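Novice: Need coordinates for the following:
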Amino acid sequence: MQTKGYVVAILGATGAVGTRMIEQLAESTIPVSELRLLASPRSAGKELTFKGQRIAVTVATPDSFDGVDLVLASAGGAVSAKLLPEAVKRGAVCVDNTSHFRMDDNVPLVVPEVNPDALKDHHGIIADPNCSTIQMMMALEPVRRAFGLRRIIVSTYQAASGAGQSAIEELKTEAQAYLADEPMTASVLPVKGAAKHYPLAFNLLPQIDVFEDDGYTHEEWKMIHETKKIMLGDKNAPNIKVTATCVRVPVPIAHGESVWFEVAEGQTPTAAELRAEMAKFPGLVVQDDPAQQLYPQPQTAAGSRDTFVGRIRPDQETPGAYNLWVVADNLLKGAAWNAVQIAEELVARDLVRVPAGSAELFE
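Specialist: So this is what the prediction gives:
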């Protein structure tokens, strides 16, 4: 195992997730001997701080990865598709926060608390799951381990930050216009490249990402198939039925989700038994005391690495079915922190190396 430190590159270092990757890396257990901050030409020359050291951002090119051990990437799917195979060719192990490689059969999709053993079979690229999928996996994995899991129905309440810093700024601008009784102008949401845009302030948008031919959005599709791949190792596994409705809400940071789920046939745990299993799960915090109005909220979850779960209760009409409410910071556990956790796990397992023949898989 390497002991002198790792050369780490952050691709997309100036974005909302990239800046948080720098912060999380500084607080991680990974020994970093050199940090390279990579971004597009418009960010070149900007300086960011890592452990008190000012580091200049440079333009990301294939040669940027020469001598790099670990890459944390969050610069958009097209950038990952172009540059991460080049990094792998140069011997770097990459943790990708975009959706580009998530459904690739050669790429593990990992939530470290849930399926860390999937890392053993990596070929140089590991995918960080969708933010909304991650927090649902955190809440449901202790249930699955203890009581089985056969059906999930989830409705999400996703923050503006899931669409990037520009969406946060637009939400603020729209809110100010609304309160001043002025027209609101939208150019980012629900999808930046779409024909129509709608304001998020004082509104709800039941569209996240583009629509597929079956009427589901791609975000909903991701939650369905990522859940199956993480929990069952197969993106099309029939063993757990999953459906989703994803909604953008006027919250700056931290997603909320209402989750209905069925455990294995014949299992009927009490709410207290579910809480007990969840309370033991690393990174999951139970906030569930209706008498004290204690339940997870985006305002209190923002800035935390933990995932918060509450409102745990049985479905009164369906034995073996339950409801819960789960909230997490989508930029931390939903992105930057989960990626750094994956990197920590790679270091701990001595897996920061690219197996022979891996580069050819991504050509």
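Novice: Please determine how far residue 360 is located from residue 300.
Specialist: 47 Å (Cβ to Cβ, to the nearest Å). Quick note: C-beta positions are derived from backbone N, CA and C, even for glycine.
Novice: ok, now residue 115?
Specialist: Distance of residue 115 to residue 300, computed by Cβ to Cβ: 28 Å.
Novice: Look at those two and report which has more neighbours.
Specialist: residue 115 (19 against 13; other Cβ atoms under 10 Å).
Novice: That one - nearest residue in space that isn't next to it in sequence?
Specialist: In space, and not counting its chain neighbours, residue 115 is closest to residue 230: 5.5 Å by Cβ to Cβ, 6 or more residues apart in numbering.
Novice: Quick check: the one you found is in a helix.
Specialist: Yes - using DSSP: H, G, I helix; E, B strand; the rest coil, the assignment for residue 230 is a helix.
Novice: buried residues in stretch 284-293?
Specialist: In terms of neighbour count (16 or more other Cβ atoms under 10 Å), stretch 284-293 has its buried residues at 284-288.
Novice: out of these, who's nearest residue 165?
Specialist: Checking the buried residues of stretch 284-293 against residue 165 by Cβ to Cβ gives residue 285 as the nearest, at 26.9 Å.
Novice: pretty sure residue 6 contacts residue 28?
Specialist: No - when contacts are counted by Cβ atoms under 8 Å, residue 6 is not listed as touching residue 28 (10.8 Å).
Novice: Can you pick out the residue with more neighbours from these two?
Specialist: residue 6 (20 against 17).
Novice: For that one, give its distance to residue 67.
Specialist: With distances taken as Cβ to Cβ, residue 6 is found 11 Å from residue 67.
Novice: Enumerate every residue touching the residue nearest to residue 115.
Specialist: Going by Cβ atoms under 8 Å, 6 or more residues apart in numbering, residue 230 touches 109-111, 114-115, 129, 133, 137.
Novice: ranges for the helices of the stretch 201-350 of the chain?
Specialist: Ranges of helices within the stretch 201-350 of the chain are 218-232, 271-279, 298-301, 337-348, based on DSSP state H, counting those that start in this stretch.
Novice: can you give me how far the first one is from the chain middle?
Specialist: What that stands for is helix 218-232. With Cα atoms, centre = their mean, to the nearest Å as the basis, helix 218-232 stands 12 Å off its chain's centre.
Novice: that older thread, now the buried residues of stretch 284-293 as CSV including pLDDT and distance to residue 331?
Specialist: Output for those, formatted as CSV (pLDDT from 0 to 100; distance: Cβ to Cβ, whole Å):
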residue, pLDDT, distance to residue 331
284, 98, 18
285, 98, 18
286, 98, 22
287, 98, 20
288, 98, 24
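Novice: Tell me which of those residues fall in strands.
Specialist: Judged by DSSP state E, the subset of those located in strands is 284-286.
Novice: Serialize the residues you listed to JSON lines and add fields for distance to residue 330.
Specialist: JSON lines is the format used below for those (distance: Cβ to Cβ, whole Å):
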{"residue": "284", "distance to residue 330": "16"}
{"residue": "285", "distance to residue 330": "16"}
{"residue": "286", "distance to residue 330": "20"}
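Novice: Check which helices and strands the helix ranked longest in the chain is in contact with.
Specialist: Longest helix in the chain, counting residues (DSSP state H): helix 131-147. The contact analysis (3 or more Cβ pairs under 8 Å, 6 or more residues apart in numbering; DSSP states H and E) places helix 131-147 against strand 151-158, helix 218-232, strand 255-262, helix 271-279, strand 284-286, strand 307-314, strand 321-328.
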